[in-house]
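J.: Requesting a structural model of the entry that follows:
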Amino acid sequence: MRKSVSAIGLLSLLFVFGAKAEAQLNLASMDWSVKAPHNLAKEPPSRKVVEEFLQLGDDNANSPSLCSFTFADLRRNGTLTLLYASDSSGRGFCNEIEMVDRTGATFELSNLDTSEAFGDGDDVRKLVKDLDN
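T.: This is a model prediction of the structure:
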């Protein structure tokens with residue numbers, strides 16, 4: 001005897017499976033190379049995954065919030081760098097720009113001084129274009 005599955009049941013199953021797969025995605029264990037099968041620049045993870053990796057936007061009111069992010073091979077070494085803008089003031093000023101480089105099994109965090117070149121609320125992807133040129 002065959003059982004039929006409704007479209008709603010199938011969509012519910014896909015949603016639950018997708019949510020579990022998303023929750024299990026861990027940037028620290030992923031391949032950050034440009035040639036990785038799942039290239040983080042071409043197929044970026046969700047905002048939630050990046051926030052969990054950076055430990056931003058948790059329930060702590062004093063925690064910075066993630067404004068925007070992008071992955072790019074800034075150093076042209078075949079390994080992607082995560083650039084992100086955050087707001088630590090809580091006033092909607094997204095002018096703190098950080099870079100995270102994967103260095104083997106660890107990560108290196110760098111702060112960019114963008115006080116003059118990068119206005120409040122701009123998207124960090126615009127900054128990558130400027131750095132690349």
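J.: State the distance from residue 66 to residue 96.
T.: 11 Å (Cβ to Cβ, to the nearest Å). Just so you know, the C-beta spots here come from the backbone N, C-alpha and C atoms, and that holds for glycine as well.
J.: so where do the helices sit in this structure?
T.: Here the chain has its helices, by DSSP state H, at 7-24, 47-54, 124-132.
J.: Mind listing what's buried along the shortest one?
T.: It refers to helix 47-54. Judged by neighbour count using 16 or more other Cβ atoms under 10 Å, the buried positions of helix 47-54 are 49, 50, 51, 52, 53, 54.
J.: Would you format the residues you listed as a markdown table with distance to residue 103 included?
T.: Below are the buried residues of helix 47-54 laid out as a markdown table (distance: Cβ to Cβ, whole Å):
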| residue | distance to residue 103 |
| --- | --- |
| 49 | 20 |
| 50 | 19 |
| 51 | 22 |
| 52 | 20 |
| 53 | 15 |
| 54 | 16 |
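J.: Once you drop chain neighbours, what's closest to residue 84?
T.: residue 69 (3.9 Å; Cβ to Cβ, 6 or more residues apart in numbering).
J.: From residue 79, how far off is the one you found?
T.: Per Cβ to Cβ, residue 69 is found 16 Å from residue 79.
J.: Do I have it right that residue 98 meets residue 83?
T.: Yes: counting by Cβ atoms under 8 Å, residue 83 is a contact partner of residue 98 at 7.3 Å.
J.: Can you work out which residues contact both of those two?
T.: residue 112 (Cβ atoms under 8 Å, 6 or more residues apart in numbering).
J.: So if I had to pick from those two, which one is more boxed in?
T.: Set residue 98 next to residue 83 and count neighbours by other Cβ atoms under 10 Å: residue 83 wins out with 22 against 18.
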